[in-house]
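Asker: Need the 3D shape of this:
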Amino acid sequence: MARASCGPMHRTELSEFGLLATMVAVLCAPLVAPNAALAYASGSSVTKDCHEQITLFALDSSEWPRGEAAPESEDAERLAGQLAVPIPAEHENLWSVSTVIGVRWPDFEGAEPSDFVALNRVHTDVADQREHCLREPSMDDSPDDPAGSREAVAACRAYVREQVELAIGAEDRLDVEATETVELWLAFVGDDEVEVQRFGFHMGQALHALQDSFSHTVRSEDGRRIRHVLNYAESVGGKLDVDVDGHEHRSALDNCELGTPLIDTRVSQATQASTELLQAVASDDGGRLGRLERVDAVLDGWLTFADDGECVLDIDECSPPELAQSESGCTAGGRAGGGAAALMLGVLGWLAFRRNSLGLAGFLVFASVLVASAASAQDAAPPAPSEISEEEREADATIEASGNSDLSEEAQEQEQEGAVVVGADPSEEELSVVEERQVEAESGGMAINDGVGFQLSVFGSLDEAGFGGSVGVRFPIGEHFILGVDGEYDAWFSTEAGRLETGAFNGYLTGIVVWAIFNRVEIRSNIHAGVTVLLSDLYNADQGSIGPFFGVTPISVAIRVTRAVRVVLDPGGVFVEMPRIDPGPPLLRRSHRLMVGVHITP
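Answerer: Okay, the predicted model is just below:
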């Protein structure tokens with residue numbers, strides 16, 4: 001049979017920024033990402049969107065129940081734009097989007113595609129292996145009975161039928177308007193409550209298992225019957241006995257774009273079976289019972305065990321091509337083997353990077369302290385106030401006694417600029433000066449703020465990725481506290497969706513405590529509170545939505561370049577934007593920022 005083309009490959013492309021932000025994830029992805037654990041991959045920033053491609057092609061090749069047309073919906077368009085995979089414009093309706101969400105569900109169960117801790121728990125749940133047409137640990141073969149494969153096929157088939165029954169409902173007339181609410185990770189907003197079409201959502205899950213049966217099994221030459229079912233749960237745990245547990249899962253079979261004759265044939269067959277399953281439930285003929293009978297006929301044609309088939313007692317006798325299939329170049333095999341250490345390293349790194357605010361902030365604070373220490377070591381400590389007063393008097397006397405008018409004029413200019421002359425050499429016509437700020441420093445070294453200034457800053461965000469800039473005014477309040485008023489633009493970027501969003505405008509008050517000064521380096525802490533305004537339409541959130549904004553930078557460093565200019569480094573800030581509080585869970589974006597600014601005090 002000629003290969004059924006899956007149409008254009010709707011890939012998720014990563015920008016350089018997204019690639020950098022997911023570097024740790026890529027290192028451990030071969031071990032815990034969906035394409036390493038489960039069959040045809042569901043799309044993310046590090047996996048191909050095989051399930052989605054096959055499903056969208058099947059939707060194009062079939063029809064909705066009773067030939068009805070999916071209604072257009074602005075909410076569905078917004079939802080489509082916030083999935084981790086691109087949805088073609090012709091499928092930006094609730095029915096198609098719900099089907100895509102459903103076909104992704106067994107791989108992610110609503111979790112963020114890069115939340116490897118949650119995904120590892122999903123993928124290794126032995127009770128869920130049937131969702132991927134894989135063996136459970138209890139499904140064992142014996143020398144004279146391939147019972148494990150037979151049980152796995154029966155469990156997979158039962159799961160497909162259960163999902164179809166949930167999709168079509170209990171009545172003879174299928175209700176295409178019925179919906180249900182699920183919790184789903186969305187780009188830019190995180191976990192949210194999403195209303196999906198019941199039919200599409202559960203049909204998507206049925207399609208997932210059916211499609212996986214083509215990449216997790218050894219099939220007959222015509223691809224119609226299953227001879228052997230692969231094992232993931234025990235292979236990843238290093239407990240696989242091939243004679244009892246079956247052969248290990250092979251990641252090469254997951255790669256729908258590998259391009260080998262075997263893979264092309266299996267993708268074509270998975271697409272054809274998916275189309276047939278959708279067509280089986282599209283007609284009202286025979287009511288609910290008629291739909292289920294047609295579904296059973298499809299499963300009889302594609303999802304049955306070859307009890308009397310060749311080599312079922314010893315699959316290796318036939319040297320099946322599935323067991324010889326390999327990736328070209330670097331492979332991501334199913335065995336755990338030496339990958340355990342990499343898994344631990346990847347998960348721990350990702351936790352520190354994306355999940356642990358204190359861990360990341362602590363690391364950046366440590367870096368800022370190093371910067372402060374290095375900068376403060378460059379120059380000797382400034383003279384104490386009492387020493388400066390005596391040196392100032394001696395410098396004035398020296399200049400006056402020299403009768404050098406040029407030196408006297410230069411001293412006056414320095415004083416007008418806020419500096420203090422603490423030494424003079426009439427023979428070389430040179431002055432020694434210190435900044436007025438140092439003159440007014442207390443004996444303990446604590447800084448006293450100077451006049452009103454303004455600050456210009458740029459920043460980049462991790463965790464919830466983004467970048468932007470801000471402008472603010474700074475007012476000294478007392479000796480060691482600065483009050484600021486800031487406005488900023490924050491553009492949002494999703495590494496999973498590979499998409500830039502307009503983001504938000506934030507206006508807020510800033511409180512700065514100057515804890516200490518080491519020569520030209522100030523150690524500070526910042527706190528911010530204000531409002532955030534959403535600048536574009538998102539799912540469950542309209543443009544112009546307003547909510548609270550707050551942030552904290554435990555340690556900030558300001559390096560005084562001149563009397564009027566400081567370079568400010570805020571490396572450990574944690575910021576929260578919440579432009580929607582209701583309905584549903586708040587739209588909450590938490591980001592870790594690295595900000596660099598220039599504080600100018602005229």
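
Asker: what's the helix or strand containing Asp396 packed up against?
Answerer: Asp396 belongs to helix 385-402 when assigned by DSSP states H and E. Applying 3 or more Cβ pairs under 8 Å, 6 or more residues apart in numbering; DSSP states H and E, one finds that helix 385-402 contacts helix 405-416, strand 419-425, strand 430-435, helix 436-439. Any C-beta I mention is one placed from the backbone N, CA and C, and that applies to glycine too.

Asker: what angle sits between the longest one and helix 385-402?
Answerer: In this case it means helix 405-416. With axes from the mean of the first three to the mean of the last three Cα atoms, to 10 degrees applied, the angle from helix 405-416 to helix 385-402 works out at 150 degrees.

Asker: pull the CA atoms of the lengthiest strand in the chain into CSV?
Answerer: Secondary structure of the chain per DSSP state E: the longest strand is strand 499-518. Extracted C-alpha coordinates of strand 499-518, given in CSV (Å, rounded to 0.1, in the frame of the first residue of the first chain):
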residue,chain,number,x,y,z
ARG,A,499,6.0,31.8,20.2
LEU,A,500,6.4,35.4,21.3
GLU,A,501,3.4,37.1,22.9
THR,A,502,2.8,40.9,23.3
GLY,A,503,2.8,40.4,27.1
ALA,A,504,2.0,43.0,29.7
PHE,A,505,2.6,46.6,30.9
ASN,A,506,3.5,46.8,34.5
GLY,A,507,3.5,50.0,36.7
TYR,A,508,4.7,49.8,40.3
LEU,A,509,6.4,51.4,43.3
THR,A,510,9.9,50.3,44.1
GLY,A,511,11.4,50.3,47.6
ILE,A,512,15.2,50.1,47.8
VAL,A,513,17.2,49.5,51.0
VAL,A,514,20.9,50.3,50.8
TRP,A,515,22.5,48.0,53.3
ALA,A,516,26.2,48.7,52.8
ILE,A,517,28.8,50.4,50.6
PHE,A,518,32.2,49.1,49.8
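
Asker: which residues are contacting stretch 134-153?
Answerer: For stretch 134-153, contacts defined as Cβ atoms under 8 Å, 6 or more residues apart in numbering pick out 38-39, 126-127, 129-130, 133, 155, 212-213, 216-217, 226-234, 243-246, 249, 303-305, 307, 312-313.

Asker: hmm, back to that, comparing the helices and strands packed on helix 385-402 by mean pLDDT, which bottoms out?
Answerer: Lowest mean pLDDT within these: helix 436-439, a mean of 47.

Asker: And the helix or strand just after that helix, what's buried?
Answerer: Of the helices and strands lying after helix 436-439 in sequence (DSSP H and E), the nearest is strand 453-463. Neighbour counts using 16 or more other Cβ atoms under 10 Å place Gly453, Phe454, Gln455, Ser457, Phe459, Gly460, Ser461, Leu462, Asp463 of strand 453-463 among the buried residues.

Asker: which ones are touching Pro198?
Answerer: Slight slip there: residue 198 is Arg, not Pro. Ser98, Leu166, Ala167, Gly169, Asp175, Ala178, Thr179, Glu180 are the contacts of Arg198 under Cβ under 8 Å, 6+ apart.

Asker: Equivalent analysis for Leu174, please.
Answerer: By Cβ under 8 Å, 6+ apart, the contact set of Leu174 is Pro65, Arg66, Ile168, Phe199, Val281, Asp284, Arg288, Arg291.

Asker: How about Ala252?
Answerer: Per Cβ under 8 Å, 6+ apart, neighbours of Ala252: Leu258, Ile263, Gln325, Ser326, Glu327, Thr331.

Asker: Quick check, Arg173 in contact with Asp284.
Answerer: Yes: counting by Cβ atoms under 8 Å, Asp284 is a contact partner of Arg173 at 6.7 Å.

Asker: related to what we said a few turns ago, mean confidence for the helix holding Asp396?
Answerer: Taken as a whole, helix 385-402 has a mean pLDDT of 72.

Asker: and the angle for that helix with strand 419-425?
Answerer: 50 degrees.

Asker: in helix 385-402, what's buried?
Answerer: Buried residues in helix 385-402 (16+ other Cβ under 10 Å): Ile388, Glu391, Glu392, Ala395, Thr398, Ile399.

Asker: Max pairwise distance over those residues: which two?
Answerer: Ile388 and Ile399 (16.1 Å; Cβ to Cβ).

Asker: Quick one: end-to-end distance for stretch 226-233.
Answerer: Stretch 226-233 has an end-to-end distance of 20 Å (Cα to Cα, to the nearest Å).

Asker: how far is that stretch from where the chain is centred?
Answerer: Offset of stretch 226-233 from its chain centre (Cα atoms, centre = their mean, to the nearest Å): 32 Å.

Asker: among the contacts of stretch 134-153, which ones are buried?
Answerer: 38-39, 126, 129-130, 133, 155, 212-213, 216-217, 226-234, 245-246, 249, 303, 305, 312.

Asker: just checking, Leu94 touches Glu74?
Answerer: No: shown here, Leu94 and Glu74 do not form a contact pair, counting by Cβ under 8 Å, at 10.5 Å.

Asker: between the two, who's got more neighbours?
Answerer: The neighbour count for Leu94 versus Glu74, taken as other Cβ atoms under 10 Å, is higher for Leu94 (24 against 10).

Asker: leaving aside the residues next to it on the chain, what's closest to the more buried one?
Answerer: Distances taken as Cβ to Cβ, 6 or more residues apart in numbering put Ala76 closest to Leu94, at 4.2 Å, once the chain neighbours are dropped.

Asker: residue contacts, Val458?
Answerer: Contacts for Val458 (Cβ under 8 Å, 6+ apart) come out as Phe467, Gly468, Gly469, Ser470, Met595, Val596, Gly597.

Asker: do you know how far it is from Glu413?
Answerer: From Val458 over to Glu413 the distance is 34 Å, taken as Cβ to Cβ, to the nearest Å.

Asker: what do you get for Glu68?
Answerer: For Glu68, the distance to Glu413 - Cβ to Cβ - is 84 Å.

Asker: Which segments of the chain make up each domain?
Answerer: When the chain is parsed with automatic domain parsing, its domains come out as 16-355, 364-377+446-600, 385-439.

Asker: which of the ones you listed has the lowest average pLDDT?
Answerer: Looking at these, the bottom one is domain 385-439 with a mean of 71.

Asker: for that one, the distance to its chain's centre please.
Answerer: Distance of domain 385-439 from the chain centroid (Cα atoms, centre = their mean) equals 58 Å.

Asker: returning to that earlier point: give the contact list for the residue nearest to Leu94.
Answerer: Counting by Cβ under 8 Å, 6+ apart, Ala76 has contacts Glu92, Asn93, Leu94, Val97.

Asker: That one and Val189: what is the separation?
Answerer: Counting by Cβ to Cβ - Ala76 and Val189 are separated by 16 Å.

Asker: show me the residues around the closest residue to Val218 other than its chain neighbours that make contact.
Answerer: Nearest non-adjacent residue to Val218, counting by Cβ to Cβ, 6+ apart: His228, 3.9 Å away. By Cβ under 8 Å, 6+ apart, the residues touching His228 are Pro146, Ser149, Thr217, Val218, Gly246, His247, Val312, Ile315, Pro320.

Asker: contacting residues around the residue lying closest to the fifth one once chain neighbours are set aside?
Answerer: With sequence-adjacent residues excluded and distances taken as Cβ to Cβ, 6+ apart, Gly246 is closest to Asn231, at 4.6 Å. Residues in contact with Asn231, defined by Cβ under 8 Å, 6+ apart, are Leu134, Arg135, Leu240, Asp245, Gly246, His247, Glu248, His249.

Asker: beta partners for the nearest residue to Glu488 once chain neighbours are set aside?
Answerer: Of all residues not flanking Glu488 in the chain, Ser470 sits nearest, at 3.4 Å (Cβ to Cβ, 6+ apart). Note on Ser470: beta-bridge partners Ser457, Glu488, judged by DSSP bridges.

Asker: can you tell me how far Ser470 sits from Met203?
Answerer: Computed as Cβ to Cβ, the Ser470 to Met203 distance reads 47 Å.
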